[in-house]
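Need coordinates for the below:
(chains A and B)
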Amino acid sequence: MVSSIYSQITYGHFLVLAGVLFGIGLAGVILRRNALIVMMSIELMLNAANMTILTFARMHGDMRGHALAFIVIAVAAAEAAVGLAIVVAVYRARGHADVDRLSTLRH
Amino acid sequence: MKTNLIFLIPLLPLLGALFNLFLGRVIWRVAAGRDPSRRVVHFVAVGTVVASFAVALSLLVGPLFELFWKWHQGGKSGLSEALTQSVYTWIEVGNLKLDLAFRMDTLSGVMVMVVTFVGSLIHLYSTGYMADEPRYAAYFGYLNLFTGAMLILVLGDNLPVMFIGWEGVGLCSYLLIGFWFENNQFAYAGRKAFVVNRIGDFAFLIGMFLLFQAVGGLDYETLRSDAAMAAYRSPLWGERLAFWAGLFLFIGACGKSAQIPLYVWLPDAMAGPTPVSALIHAATMVTAGVYMVARMSFLYASSTAAMAVVAGVGALTALFAAIMAFAQTDFKKVLAYSTVSQLGFMFVGVGVGAYVAGIFHLVTHAFFKAGLFLAAGSVMHAMSGSGDIVKMGGLKKWLPWTHKTFVAYWLAICGIIPFAGFFSKDEILAGAWSAEGQGWLVGYGELLWVVLTVAALGTAFYMSRLYCLVFEGECRADDETRSHIHESPWSMTVPLAILAVFSVGIGFIGLPHVGGLPNVLESWLSASIARPDFHSTYPSIAESLHLSAQNHLGEGGLLLFMAIALVMGIAGIGAAWKLYRKGPSKLVADKSASGFAARIYQVVYNKFYVDELYDRIVVAPFRWACQALFDVVDKFVIDLIFVNGSAFVVGVVGRVARWVQNGQVHRYLGLLVVGAGCIFYFTREPTIDFSYTVSGGRVTFQADIGAGPSAIMSKTTELRWDFNGDGDSNDPEEQRFRNKTEAQLPIADVGSQVTLWYTDPVFKSTAKTVKPVDKNSDRVGGEQ
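The predicted structure follows:
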């Protein structure tokens, strides 16, 4: 009866899962102070976004959604590379990577 | 007749002013007042006024006289032509067209001659009198500016141009009264003159507005056209329009010409340099009001009530100012009250319709009063600057020239034959007696005559008192001052001598109508005063005009009046001679020490307490109101609410904004999330709308799914139509168009209203819209 279990999983479940993932990521970005954790939370949100894109693509039977997901993965990889480099550079310069204490852009 | 030279008359002194006020002052400072710079300054100043006089004279004896002669030979009917020049169009708004235009007719011609001639002499005199002045160039700059403004006033061809000059002379008067502004009192006197004049100018403006509203134009030709003459007689506020316009203009004249109730500034104006008092506050500026009334004679002739007011105020002023002059101890103050009094005489002249007499007195007064002031300057120059006549006496042996010329002026103002004042004052007196135009109160003219005769007696008395205290008796000055007494230089005595000659001789231009003597001035002025055609066109108005008193009194009456005036003059002189020949009168000193006479003397000495009265009823309440305004409006509303309030609001907003802009990425992101949530929340409800087109018997509906996340996210639409208006969507037609955004069906199948439901594919909430359908052919409708 495996197939019946799968057949009970609807698009709505995927969307809810994506929403929960996005919420966890958003909470991490907003609440955590370590830049590294923030970066990881952003990755989580990007994946949640990917999941909704794929869900809608399946829902509408439109394969362009899958292509879009690959582009998002590529951009996320580039973002992670640049972001991590910045975090490392900031850590070397300041001796910490606390986002709250990095408020010089205010000036 | 058009000519293109008139503008030079005011322009030349204005150029002189421009030079001296800008370049001259620099030269003066650079050269530190040494000789070449002094010569440049006063050569330009005197030269421009003399040149202006030359231009005016050449115009007067040339083209203007030609026009006058043509009019004179042509039976004196109609209006004499004037020399006019329009420089450019100044204001053109709606049907108001005003040119910067000048007009030289026989009336303004006389005024121009007086202003430029007396002005030239006083400029010349000033080069001597002001020789030690450190601000020499500025002084002459102001003096030239005044002359230019006065000439604009006199020559303007419409009231606004006259008003330019009117304000210009007021400004120069202020500048020159307060010329020695280091002294607070002098600066105050200048301010007082300016403010009092402003009150009058305000009324003058109102008069001008009234005239514009009634007539539709402000140049003199329009103002004395037949249409205007009719407008003047139209009723307004229970009187003729001419009365109100004339009254408001006359209030302006009261300010400028120092009449009750606005005369208070003139005695204080003596704070200025003495030549200024002579030029501005005796000979020219203060006569502007008289000139204005004569200029607007056609207006005043249209309202007997206005004439009565002018004459009444003039007579009162003449009498009260003469009385106030009795107790003055300052040389120039006596002359100042005398000027106020003589201006009153002139206003009676123009007020009773004897315009020629009024202008005649203006001319003679300009000469002898300018002379008196210049003599005063010469005396004060000799007395080390003091003008206290109690400390003078016996000066005739030190100042022979000043004394001789002073005698001429003195006799002229007292009205002794054949000096100038005799003729002019007598004409006014005769004119007052014979004033009996339509609507005059019975006996009003005679009353005016009595008042003026008493005032003339007073004039003779206070002038003789002045003469005796200054030139007769023993010298009462202290030794220090006495050792410095000296006759003035030629630049001062020559103008004195010339003015003295005119004070003796100028009266002969206006001889009385006795024994066939010619009255040159009357023939000359009647070409432009009022409307010479009044006698044929407006006989009822002409009744109130007495260009001469000849017709009313006859030769015998005139001779009698002259005799009375002469007796009054001699009586006044005799009384003063008896009292004051040997210095300040013992009799007066005793009487004024105690008792009832002393109280009267005190009242007169304090000028009837008019200044104090004005302080109480005008100045003090005004100050109080200003203080209140300052406290409430300025300090509370503007300072506290507007200035500090706006700063406070900006501060609060800034503090909030600073809390938002703190550089913490967390908070930025948090706000971003809140914002995104708001967008989702407010757009969660689906919206639906449709429009329709009626064409060719068919109706086409077009659904419009609104914005919002559900509309974007859904590819399929869930739409249900109700076309026939039965409340459901189950009919076959309606089934057919289910989920279609466009529907077309015959007009017969469409009910009176159409409903469209839309169900959100994600949240499953339903929106609906209901619209009536207008099935008239060829319509487009339903768009929101």
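
all helices in chain A, in order from the N-terminus.
A:2-7, A:11-31, A:35-60, A:64-94 (DSSP state H).

and the ones you listed, which is most packed in?
helix A:35-60 (a mean of 18; mean count of other Cβ atoms under 10 Å in any protein chain shown). Every C-beta, even on glycine, is put in place using the N, C-alpha and C of the backbone.

Counting by contacts, list what that helix packs against.
helix A:11-31, helix A:64-94 (3 or more Cβ pairs under 8 Å, 6 or more residues apart in numbering or on different chains; DSSP states H and E).

From the chain's centroid, how far away is it?
Distance, stretch centre to chain centre, for helix A:35-60: 4 Å (Cα atoms, centre = their mean, to the nearest Å).

just the angle between it and helix A:64-94, please?
180 degrees (axes from the mean of the first three to the mean of the last three Cα atoms, to 10 degrees).

before we move on, back to that, chain B: which of the helices and strands packed on helix A:35-60 is closest?
Of all these, helix A:11-31 sits nearest to chain B, with 5.4 Å by Cβ to the nearest Cβ.

So is that closest one next to chain B?
Yes - on the criterion Cβ under 8 Å from any Cβ of the partner chain, helix A:11-31 is in touch with chain B at A:L26, A:V29, A:I30, A:L31.

check contacts around the second one.
The reference is to A:V29. Neighbouring residues of A:V29 by Cβ atoms under 8 Å, 6 or more residues apart in numbering or on different chains: A:V38, A:S41, A:I42, A:M45, B:H666, B:L669.

Now tell me which of the residues you listed the prediction trusts least.
On pLDDT alone, B:H666 ranks lowest of the contacts of A:V29, at 80.

wait, isn't it in contact with A:D100?
Yes - under the criterion of Cβ atoms under 8 Å, B:H666 lies in contact with A:D100, with a separation of 7.0 Å.

Give me the more crowded residue out of the two.
B:H666 (16 against 13; other Cβ atoms under 10 Å in any protein chain shown).

ok, the more buried one - contacts?
Contacts of B:H666 by Cβ under 8 Å, 6+ apart are A:V29, A:I30, A:L31, A:R33, A:V99, A:D100.

and these as CSV, adding pLDDT and distance to B:A278?
As requested, the contacts of B:H666 are arranged in CSV below (pLDDT from 0 to 100; distance: Cβ to Cβ, whole Å):
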residue, pLDDT, distance to B:A278
A:V29, 89, 92
A:I30, 87, 90
A:L31, 88, 94
A:R33, 86, 92
A:V99, 85, 89
A:D100, 82, 87
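
from those residues, which single one is nearest B:I506?
B:I506 lies nearest to A:D100 out of the contacts of B:H666, by Cβ to Cβ, at 99.7 Å.

Which residues are in contact with that closest one?
A:R33, B:Q664, B:H666.

with those residues in mind, which one is nearest to B:K2?
B:Q664 (83.5 Å).

So which helix or strand of chain A has the lowest pLDDT on average?
Across the helices and strands of chain A, mean pLDDT, DSSP states H and E gives its lowest value to helix A:2-7, namely a mean of 68.

how close does B:L145 sit to chain A?
Using Cβ to the nearest Cβ, to the nearest Å, B:L145 is found at 60 Å from chain A.

C-terminal to the helix or strand that that residue is a member of, what's the next element?
Assigned by DSSP states H and E, B:L145 belongs to helix B:136-155. Using DSSP H and E, the helix or strand that follows helix B:136-155 towards the C-terminus is helix B:159-177.

gap between B:Y580 and B:M383?
18 Å (Cβ to Cβ, to the nearest Å).

where does the stretch 601-750 of chain B dip in pLDDT?
Along the stretch 601-750 of chain B, the parts satisfying pLDDT under 70 run over B:706-717.

tell me which parts of it are close to chain A?
Going by Cβ under 8 Å from any Cβ, the residues of the stretch 601-750 of chain B near chain A are B:Q661, B:N662, B:G663, B:Q664, B:V665, B:H666, B:L669, B:G670, B:V673, B:M713, B:K715.

same check, this time on chain B
Counting by Cβ under 8 Å from any Cβ, chain B sits next to chain A at B:Q661, B:N662, B:G663, B:Q664, B:V665, B:H666, B:L669, B:G670, B:V673, B:M713, B:K715.

In helices, which of those residues fall?
B:V665, B:H666, B:L669, B:G670, B:V673, B:M713.

Need those in CSV (columns: distance to B:N519).
Output for these, formatted as CSV (distance: Cβ to Cβ, whole Å):
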residue, distance to B:N519
B:V665, 103
B:H666, 105
B:L669, 103
B:G670, 102
B:V673, 104
B:M713, 109
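
quick one on the thing from earlier: next, the angle from the helix holding B:L145 to helix B:159-177.
Using the same axes, to 10 degrees: helix B:136-155 against helix B:159-177 is 150 degrees.

How far off centre is helix B:136-155?
Worked out by Cα atoms, centre = their mean, helix B:136-155 lies 16 Å from the chain centre.

who does that helix touch, helix- and strand-wise?
helix B:8-18, helix B:25-30, helix B:35-59, strand B:96-104, helix B:106-129, helix B:159-177, helix B:288-295.

Perfect, that will be all.
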